[in-house]
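> sequence plus predicted model, see below.
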Amino acid sequence: MEAAAAMDHHDQHESTGIDHRKLGMWVFLSSEFLFFGALITNYLLYQGQPGFARPYPAEIYDIPFTSFSSFALLMSSLTMVLAHNALARHDQHATRTWLLATAMLGSVFLGGQVFEFTEFVTVGGMKLTTNPAASAFYLLTGFHGFHVLLGVLMLLTLYGISRRQGELSEASGLNLELVGLYWHFVDIIWIVIFTVVYLLAGVPAGVG
Amino acid sequence: MTATAERRPATTIFRRPRSTTGFWAWITTADHKKIGIMYGYASFVFFLVGGLEALLLRIQLSSADNTFLTAAEYNAAFTMHGTTMVFLFVMPISAAFINYLLPLMIGARDVAFPRMNALSWWIFLFAGIFLYSVLIFSDPAAPAGVEGVSGNLDPADNTVLGGMPDGGWFGYQPNAGPFYSPGTAMDYWALGVQFLGLASLISSVNFIVTIFNMRALGMRLLRMPVFVWMSLVVALLLLFSLPIIAIALFMVTFDRQFGSLFFVAEAGGDPILWQHLFWLFGHPEVYILILPAMGIVSEVLPVFSKKPLFGYAAVVFAGAAIAFLGFGVWAHHMFASGISPVAQAAFGLSTMTIAVPTGVKIFNWMGTMWGGRLKFTTPMLFAIGFVAMFVIGGLSGVTHAVVPSDWQQTDTYYIVAHFHYVLFGGSVFGIFAGLYYWFPKMTGRLLNERLGKLNFWTMFTGFNLTFAPMHWLGLQGMVRRTAYYPPEAGFDFWNLVATVGSFIIAAGVLIFMFNWWRSKKHGDPSGIDPWDARTVEWTTPNPTPEYNFGVAPTVTSLDDFWYKKYEEDSEGRPVRRPEAEETLTDMMETGTNPPHPIHLPAPSYYPILLAAGIPLVGWGIIYHTSLVGKLLILIGVLVVASASFGWSMEPLEEPHDEHDHSESSGDGYSLPEVDA
């Protein structure tokens, strides 16, 4: 009866049974796939074109190093799930720990990217302005890094709220789920980028 | 409920705004109707600006070798005419309709994310202002370009008008790149369109969630009005096409500002890639422009034919099919760019295919009118005008699918004629039908019918005088995008006719503005159901109360409102129910005096604050080499970040004591609370 009254009160219901914000996040992420799809396509178009100024990105990749930072990012998805699971068990302390761990792993990845870019520019001699493949590489991985950075900021915000309020309320629990969705998306995209752009990348015949 | 009350006060930057009327109420509103109205007025202002640019173009072309505009001014005027009409008029006025009507049509109180809705609107407005700020900030001393290559060499071209973006609304590379378009104008274009895209993307997420999640009880997907369906299709098109243009525009900005080489042919960059990315967005974009108008017409025609829409499901699925196929036809804009014969054949075929669902719609609209009791009101005239003109534009469009024929038409006035028949004869006529039809929803009054008919016939005549001659001018070989044509070409007469026609259109628009201004105060009161309408938005009083519906509606069929008023006799003809008047009186009563208190999303400062940071970043990027530019970026990012923070700390609704409705709940936003 109470529930029915409240219902009438707000006329709020979800026709699909999914919370607005969660549905909104899914819809937004579907758009993000096209965003990264266009970026990856650009890179694939340019990576194999002969005749560019050297070096091509694939000539200077440090696959072992990038594998390590990729591993950190992959593990952050695990800690994200653990944070979500801890909140479902109402274990506030564990939730905070895993949130912080996720943010830390994300930061390790970001630090790795900063190091990688620096190495590429100073040692490898590949700048944004070197050739179109380099431009495409930096735009793609740079935008991915920007997404990771936003994710880390959101995770730290959740951590801060949790510290300040002593717990994550039910509403914040949904926020954690939304950040989780976003975080897994960024992670999945990186799996594609690492596979397609790093591991399967080639240089045109006659180069290297 | 006490737990809520004892929660620690959240950290805030601003207190919750309290104004419910006047300037600050509009600035801070999260009400979809107010946002829709602001969208409408702003986009109409841009319509006038874009129209003014069109008139400048037509004056220049009224005679051979005319010197009214310089070449640079002409380039700038056609670029900004296209950009303005597409991004600052048709898209936002569609957003105005969707904003205002979507929640009403599905029986909701607001959209799913009211503050994000306000954010979309403010980003749109600031992006429009940012784009036109090029008039103030563009640097007349910019590098003059490349001797013998760039058109901007004549010192007389360094005018304010000529300083606007001049690379076309399509921004083809490398023409719009750093080498051939030096200066800042095309940076304003690239970033301005980028920001407008951001606004549209946020809107599209919002509308999709609203449609999927906030339908009234009983409103299944296939009971939604066609306008809602078309809004959904448009939102999906935006969702999947905007990220592509966003990337393409980022590439342009990086090329121009940071020296990347995406489109620099000398370094191996591929200018054709720009065309692919642009049209992969740009072709869905033309359906983004036309589908809302198709939705409007699908609402107007049945009402004034006194018949249900013929083949409702076919119209809906044809709309969805257009959207789906719309992603597979983009290269028909590029037949002359040297793409492979296989690609040409494939895109020619897919372009012909897309005519099929469009044809389905045309036949459905004719079937709707066939045998109906037609009432030729102004909205009906505009709707019929839409169908007729769209058929002409659609047929000339199919001729582009034939590749050899398209090679002849490319870059001639035939193309200009074609897309104005679908965008002006189509979109704009549909929009005007909607403005006349739903004006009472907004104001509680009717637009004057006599002026309305004058408005229609003036615009209809002017439109055909302007754009029909362009078909034959184009087939005679008159090329687009040039400021001059030689006297011996023999283009004078039809160009003069077109120019005269464009001024007749302008007269039509003036009549409309006069009608609007006058009817807002002195129009006939509309009552609750002025058109004998069919859909749920007319079950609540006019003008729409702030809370939309006194009681959330329940829907049992398509055209639910109609079946509350009419039943069928033994031969299937509609007969007005004896209790129809009583039903309407009841609706008026519950709409005016809601039996239960209603909570609405509270106003907020943060959407406008967040949006204000975005153009700051834009200016900062353009001038990033200077200290001022760097500071602007910093300030912009800080504004966005602090607004986001304040936003996330501010609840959507004011906390209120759930079951105590004694007057106002203190700090809360309590205007629409009305007790039983």
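Sure, I can see it.
> which stretches in the stretch 451-600 of chain B count as strands?
With DSSP state E, counting those that start in this stretch applied, the stretch 451-600 of chain B shows strands at B:566-568, B:574-576, listed in chain order.
> any idea which of those gets closest to B:I354?
B:I354 sits nearest to strand B:574-576 of all the strands of the stretch 451-600 of chain B, at 35.4 Å, using CB to CB. (Each C-beta comes from the backbone N, C-alpha and C, glycine too.)
> reformat the strands of the stretch 451-600 of chain B as CSV; add distance to chain A, mean pLDDT and mean neighbour count.
Listed next are the strands of the stretch 451-600 of chain B as CSV, based on distance: least, CB to the nearest CB, whole Å; pLDDT from 0 to 100; neighbours: other CB atoms under 10 Å in any protein chain shown:
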stretch, distance to chain A, mean pLDDT, mean neighbour count
strand B:566-568, 27, 89, 13
strand B:574-576, 30, 89, 13
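> of all those strands, which one is nearest B:L473?
strand B:574-576 (48.4 Å).
> and the pLDDT for the closest residue to chain A within the stretch 51-200 of chain B?
Nearest residue of the stretch 51-200 of chain B to chain A, counting by CB to the nearest CB: B:A112, 4.4 Å away. According to the prediction, B:A112 has pLDDT 93.
> can I get the strands of the stretch 451-600 of chain B in TSV including distance to B:G192?
Formatted as TSV, those follow (distance: least, CB to CB, whole Å):
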stretch	distance to B:G192
strand B:566-568	49
strand B:574-576	50
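> just how off-centre is stretch B:279-292 within its chain?
11 Å (CA atoms, centre = their mean, to the nearest Å).
> with just CA atoms, put that stretch into CSV.
C-alpha atoms of stretch B:279-292 as CSV (Å, rounded to 0.1, in the frame of the first residue of the first chain):
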residue,chain,number,x,y,z
TRP,B,279,29.6,11.6,-45.1
LEU,B,280,29.5,8.5,-42.9
PHE,B,281,28.1,11.1,-40.5
GLY,B,282,26.7,13.4,-43.1
HIS,B,283,24.3,11.1,-44.8
PRO,B,284,22.7,9.9,-41.6
GLU,B,285,22.6,13.6,-40.8
VAL,B,286,20.2,14.3,-43.6
TYR,B,287,17.8,11.7,-42.2
ILE,B,288,18.3,13.4,-38.8
LEU,B,289,17.1,16.6,-40.5
ILE,B,290,14.1,15.0,-42.3
LEU,B,291,12.8,12.4,-39.9
PRO,B,292,11.4,14.7,-37.2
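> and the helices in chain A?
Per DSSP state H, chain A carries helices over the ranges A:2-10, A:20-47, A:57-60, A:63-88, A:92-119, A:132-165, A:170-193.
> one step back: what helix or strand does the residue of the stretch 51-200 of chain B closest to chain A sit in?
Using DSSP states H and E, B:A112 is not contained in any helix or strand.
> could you find the closest non-adjacent residue to residue 38?
Assuming you mean chain A. Counting by CB to CB, 6 or more residues apart in numbering or on different chains, B:I247 is the residue found nearest to A:A38 once chain neighbours are left out, at 4.0 Å.
> chain B was what I was after
Spatial nearest neighbour of B:M38, chain neighbours left out: B:W121 (6.1 Å); criterion: CB to CB, 6+ apart.
> need phi/psi at that neighbour.
phi -60, psi -50 (degrees, to the nearest 10).
> thinking again about what came up before, among the strands of the stretch 451-600 of chain B, which comes closest to A:S67?
Taking CB to CB, strand B:566-568 is the member of the strands of the stretch 451-600 of chain B nearest to A:S67, at 69.8 Å.
> so which elements touch that closest one?
Here strand B:566-568 touches strand B:574-576, going by 3 or more CB pairs under 8 Å, 6 or more residues apart in numbering or on different chains; DSSP states H and E.
> and the most centrally placed residue in chain B, what element?
Central residue of chain B (CA atoms, centre = their mean): B:M91, 1.7 Å from the mean position. In this structure, B:M91 is located in helix B:91-105 according to DSSP H and E.
> for that helix, packing partners?
Partner elements for helix B:91-105 (3+ CB pairs under 8 Å, 6+ apart): helix B:32-61, helix B:114-132, helix B:185-213, helix B:226-258, helix B:271-305, helix B:429-443.
> which of those helices sits closest to B:L627?
For these, the distance to B:L627 is smallest for helix B:226-258, at 16.2 Å, taking CB to CB.
> what residues are up against residue 194?
No chain was given, so I picked chain A. Shown in contact with A:F194 (CB atoms under 8 Å, 6 or more residues apart in numbering or on different chains): A:T66, A:S67, A:S70.
> that's the other chain; I wanted chain B
So B:Q194 contacts B:A246, B:L249, B:F250, B:T253 (CB under 8 Å, 6+ apart).
> returning to what we had before: okay, now the residue of the stretch 51-200 of chain B closest to chain A: neighbour count?
B:A112: 24 surrounding residues under other CB atoms under 10 Å in any protein chain shown.
> show me the contacts for it.
B:A112 is in contact with A:H20, A:L23, A:G24, B:N206, B:V209, B:T210, B:N213, B:M214, counting by CB under 8 Å, 6+ apart.
> quick one: low-confidence parts of chain A?
Counting by pLDDT under 70, the ranges of chain A that qualify are A:1-13, A:206-208.
> grab the nearest non-local neighbour of the residue most central in space within it.
By CA atoms, centre = their mean, the mean C-alpha position of chain A lies nearest to A:V186, the distance being 2.5 Å. Leaving aside its sequence neighbours, A:V186 sits nearest to A:H147 (CB to CB, 6+ apart; 4.9 Å).
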